[in-house]
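Participant: Compute the structure for the input listed below.
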Amino acid sequence: MRISAPTNIANAILFNLSWIGIVLTQSALIAPVIVVVHLLLHFRIMGKGKGELRLIVGATLCGAVIDQLLFKFGVFNIAGQPALAPLWLTCLWPLFATTLMHSFAAFQNRVLLATVFGAVGGVLSYSAGVRLSAVEFGSQLWGPIIVGVLWAVVFPLMLKWSASLSRQPDALQSWSPQVRRAFD
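Facilitator: Residues are numbered from 1 along each chain as shown. Coordinates of the predicted model:
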């Protein structure tokens, strides 16, 4: 797979700007708006069609379940109290999914590297989110360890799924003319 450096840089910048906007506002109203703007820009600039859209929807659903389970089992809480994962946290998943065929595409066929990067990156990302938000680790020791192990599995699996979808001839031009016009 040929990877375009300018597109990957744009993807990384868009992801990080959207991520920080959602985490800093922690708003159930603003976060979905940021996601919609992010996805519109993403698909206008670099989107890869229905396959990528399926990846984003699937990763978002999977991520929502993962986050709810992490809160249910006390890996995370809010102000020391059990809680449901907030909507703004779920809104980070579609942003993350937009990086799988772009910024992180180089990891798609490098399972060991993806495993290590997933573990370390997952812990760093969630730790940054904890520092910037009302979300807390239930245990300062076990929380990061659980997140690291989880992301050591989730990240390579999502990359594998991303790779299989990106090989399918399902680019934006296969979308209906009405959908294509929305991105023109």
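
Participant: How confident was the prediction at the most centrally placed residue in the chain?
Facilitator: In the chain, the residue lying closest to the centroid (CA atoms, centre = their mean) is Phe96, at 1.8 Å. In this model, Phe96 is scored at 96, pLDDT.

Participant: so how far is Ile146 from Leu100?
Facilitator: 22 Å (CB to CB, to the nearest Å). Quick note: C-beta positions are derived from backbone N, CA and C, even for glycine.

Participant: higher neighbour count, those two?
Facilitator: Shown here are Leu100 and Ile146; by other CB atoms under 10 Å, Leu100 has more neighbours (25 against 20).

Participant: For my notes, confirm that one occurs in a strand.
Facilitator: No: checked against DSSP: H, G, I helix; E, B strand; the rest coil, Leu100 lies outside a strand; its state is coil.

Participant: Skipping its backbone neighbours, what lies nearest it in space?
Facilitator: Ser162 (3.8 Å; CB to CB, 6 or more residues apart in numbering).

Participant: Where is the longest helix in this structure?
Facilitator: helix 142-166 (DSSP state H).

Participant: Next up, the contacts around the residue nearest to Leu100.
Facilitator: Residues counted as contacts of Ser162 (CB atoms under 8 Å, 6 or more residues apart in numbering) are 55, 100-101, 104-105, 108.

Participant: wait, is Glu136 part of a strand?
Facilitator: Yes: assigned with three-state DSSP, Glu136 falls within a strand.

Participant: What's the local residue count around the residue lying closest to it once chain neighbours are set aside?
Facilitator: Nearest residue to Glu136, sequence neighbours excluded (CB to CB, 6+ apart): Asn77, at 5.6 Å. Asn77 has 17 neighbouring residues, counting by other CB under 10 Å.

Participant: Could you measure from Asn77 over to Met46?
Facilitator: From Asn77 over to Met46 the distance is 37 Å, taken as CB to CB.

Participant: Compute the distance between the residue nearest to the centre of the chain and Pro82, please.
Facilitator: To Pro82, Phe96 is 25 Å away according to CB to CB.

Participant: Ok, Ala5 next?
Facilitator: Relative to Pro82, Ala5 is positioned 44 Å away (CB to CB).

Participant: Quick one: mean pLDDT for stretch 63-82?
Facilitator: pLDDT averaged over stretch 63-82 gives 94.
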